[in-house]
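S.K.: only geometry, no sequence info:
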């Protein structure tokens, strides 16, 4: 019964120690400020939706928020009796994890979806078309291990040539990505999307607000799952209606994680993934005369020569350099944060040891024991 949710032998093996303690497997389908929602198989062998809470032990053992359970995670749950909470006792290992940096100045990782097989980015060929932002998506998806799918939505609202050009530009950024022209409003192109939604497969849908994600979810669900509003005539965007992250089961098989619109796509990845996402730039960098070339005014810079010859777009080079700087900045801040955490831990340990010594000394004095 759990197989349509993505359950497999590896998860069953990871659950064994918790099964011995009376726990059952569950997959988290929503997250609120106070608890989670989860799918389980009930006593009748039917799929049920329950509320679960996080145990203090799991919360305290997580070194970062990203290690806490998130939508899409499999967890071991201890079922409570009447008027008792169902409690998450452990998070099972993740097969994949799609995440970004938390918006703002924080250096924390934010999990968008766990155990995701496909990440579908919804955009349009008009105001939302932004190859530089899509490069960021491709980099993050590459790190997650999921397959990248792009829906160039609202194709009905733009000329065919314009839509094809927009799709071709995105395809050039990532030849391995699947790019589709769709119109969620008219339902065209969605049959292609359904190929990625076989039973047990999880798709995460992301993109800017107002590009038609909620309408797309409605089409896949076959009902008005998310309320959608009319398009703003000035901006050309709809009012986005998804307010929280949620995993839903689709009638035709597969699961979908719908997300609120993303205003910021900040990097949470590593240098290796970035290099792979910009393989064309990396190949040119390997031809530079000096290994520490800054790709600016340095002599023998192959990248600058390619830009001058029209073989590499200036925008793509600038995007690569910005992302590289952003990852380095993130690495430095994370290192600084780790140093501060270690300092606080050492300080707390010293305080604890000093308090223990004082208490022992006090107890000895109370017993009339004195130092020689």
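M.R.: Perfect, thanks for sending it. The shown structure was predicted, so the numbers you read here are calculated from the model rather than taken from an experiment.

S.K.: Am I right that residue 77 is in a strand?
M.R.: Yes. Checked against DSSP: H, G, I helix; E, B strand; the rest coil, residue 77 lies within a strand.

S.K.: Low-confidence stretches in the stretch 101-250 of the chain?
M.R.: 101-108, 223-244 (pLDDT under 70).

S.K.: can you tell me how far residue 98 sits from residue 256?
M.R.: 13 Å (CB to CB, to the nearest Å). All C-beta atoms are positioned from the backbone trio N, CA, C, and that covers glycine.

S.K.: which residues are common contacts for those two?
M.R.: Here residue 98 and residue 256 share the contacting residues residue 204, scored by CB atoms under 8 Å, 6 or more residues apart in numbering.

S.K.: What are the boundaries of the helices in the stretch 151-300 of the chain?
M.R.: Counting by DSSP state H, counting those that start in this stretch, the stretch 151-300 of the chain has helices at residues 160-173, 190-193, 213-221, 271-277, 279-285.

S.K.: residues in contact with residue 36?
M.R.: 28, 30, 51, 52, 53, 54, 69, 88.

S.K.: give me the beta-bridge partners of it?
M.R.: residue 31, residue 52 (DSSP bridges).

S.K.: Now do it against residue 204, distance only.
M.R.: Using CB to CB, one gets 17 Å for the distance from residue 36 to residue 204.

S.K.: cool, residue 11 as well?
M.R.: From residue 11 to residue 204 the distance is 19 Å (CB to CB).

S.K.: What are the structural domain limits within the chain?
M.R.: 3-91, 97-258 (automatic domain parsing).

S.K.: Any idea which of these gets closest to residue 350?
M.R.: domain 3-91 (20.9 Å; CB to CB).

S.K.: Give me the distance from that closest one to the chain's centre.
M.R.: 19 Å (CA atoms, centre = their mean, to the nearest Å).

S.K.: go on, stretch 294-307?
M.R.: With CA atoms, centre = their mean, you get 35 Å for stretch 294-307.

S.K.: do stretch 161-178 as well
M.R.: 23 Å.

S.K.: Show me the contact partners of that stretch.
M.R.: 123, 125, 129, 131, 134-135, 138, 147-150, 152, 155, 179-181, 196, 277.

S.K.: Surely residue 89 and residue 58 touch.
M.R.: Yes. At 6.9 Å, residue 89 counts as touching residue 58 under the criterion of CB atoms under 8 Å.

S.K.: any shared contact partners between those two?
M.R.: With CB under 8 Å, 6+ apart, residue 89 and residue 58 have no common neighbours.

S.K.: Looking at residue 98 and residue 256, which one has more neighbours?
M.R.: Using other CB atoms under 10 Å as the criterion, residue 98 and residue 256 rank with residue 98 on top: 26 against 23.

S.K.: What about the contacts of stretch 161-178, which are in strands?
M.R.: 123, 147, 148, 149, 150, 152, 179, 180, 181 (DSSP state E).

S.K.: The second one: what's it in contact with?
M.R.: The one in question is residue 147. 117, 118, 119, 141, 178, 196.

S.K.: What is the neighbour count of the fourth one?
M.R.: Looking back up the chat, that one is residue 141. Neighbours of residue 141 (other CB under 10 Å): 27.

S.K.: Which secondary structure state does residue 90 sit in?
M.R.: strand.

S.K.: Next one, pLDDT for it please.
M.R.: Reading off the confidence values, residue 90 has pLDDT 96.

S.K.: you'd agree it is up against residue 75?
M.R.: Yes. If you go by CB under 8 Å, residue 90 and residue 75 touch, sitting 6.6 Å apart.

S.K.: Compare those two (neighbour count), which wins?
M.R.: A side-by-side neighbour count of residue 90 and residue 75, using other CB under 10 Å, places residue 75 first with 25 against 20.

S.K.: which residue packs closest to the more buried one, ignoring adjacent ones?
M.R.: Nearest in space to residue 75, with sequence neighbours left out and distances taken as CB to CB, 6 or more residues apart in numbering, is residue 88 at 4.7 Å.
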